[in-house]
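A.B. asks: need coordinates for the below:
(one chain, ligands or ions: 2)
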Amino acid sequence: MGPSVTPDAMQIAINHDGDIVAARQKGRELAARVGFAGSDLTIIATAISEIARNIVVYAKRGEVTLGIEERGGKRGIVVIARDSGPGIPDIALAMRDGYSTANSLGLGLPGARRLMDEFEIVSKVGEGTIITMRKWK
Ligand SMILES: Nc1ncnc2c1ncn2[C@@H]1O[C@H](COP(=O)(O)OP(=O)(O)O)[C@@H](O)[C@H]1O
Ligand SMILES: [Mg+2]
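C.D. replies: Numbers count the residues shown, from 1 in each chain. Ligands and ions are numbered 1, 2, ... in the order given. Sure, this is the predicted structure:
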């Protein structure tokens, strides 16, 4: 059987900076319910804030969905970030450390990938971006 999302899933609209903090906090709470503790909570919250920040900066608005998943007897947190912004023309390039079209650090996407267990980007120029990431307990 494939992964199943439990009814704990929640959606957070991302429209401005304050929503990044909200997504970070909700992610932390949900991760704690999965059983994560200590630095894992900070790791998950940091990955969520990076992709939520990218929504605000590059797409202006979007949403983050947080859920608890079960797969193969394991529980984990799943984070799905969606926007209808400009999309990412070259995902491999965007995933490189230090690559930024905004003259910022260029560590958000590669950093989030390193912090989480699974990381996937689907993006189409002119249509938007969906990032799905998971961390298993
Ligand atoms: N949601 C998004 N929509 C469009 N482009 C994005 C999105 N997220 C990231 N990008 C692109 O990927 C690049 C790398 O992102 P990131 O690693 O977070 O670094 P930074 O935000 O510091 O530039 C960004 O500069 C931007 O060009
Ligand atoms: Mg970024």
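A.B. asks: show me the contacts for Tyr99.
C.D. replies: Contact partners of Tyr99, counting by Cβ atoms under 8 Å, 6 or more residues apart in numbering, are Leu93, Gly106. C-beta: built from backbone N, CA, C; applies to glycine.
A.B. asks: look up how far ligand 2 lies from it.
C.D. replies: Note on Tyr99: its distance to ligand 2, by Cβ to the ion, to the nearest Å, is 10 Å.
A.B. asks: that residue falls within a helix, correct?
C.D. replies: No. Using DSSP: H, G, I helix; E, B strand; the rest coil, the assignment for Tyr99 is coil, not a helix.
A.B. asks: and it, its phi and psi?
C.D. replies: phi -80, psi 120 (degrees, to the nearest 10).
A.B. asks: hmm, who's touching stretch 9-20?
C.D. replies: By Cβ under 8 Å, 6+ apart, the list of residues contacting stretch 9-20 reads 22-23, 26, 30, 49, 52-53, 55-56, 60-68, 81, 83.
A.B. asks: what about the strands in this structure?
C.D. replies: Along the chain, counting by DSSP state E, strands occupy 4-5, 10-14, 62-71, 74-83, 118-124, 128-136.
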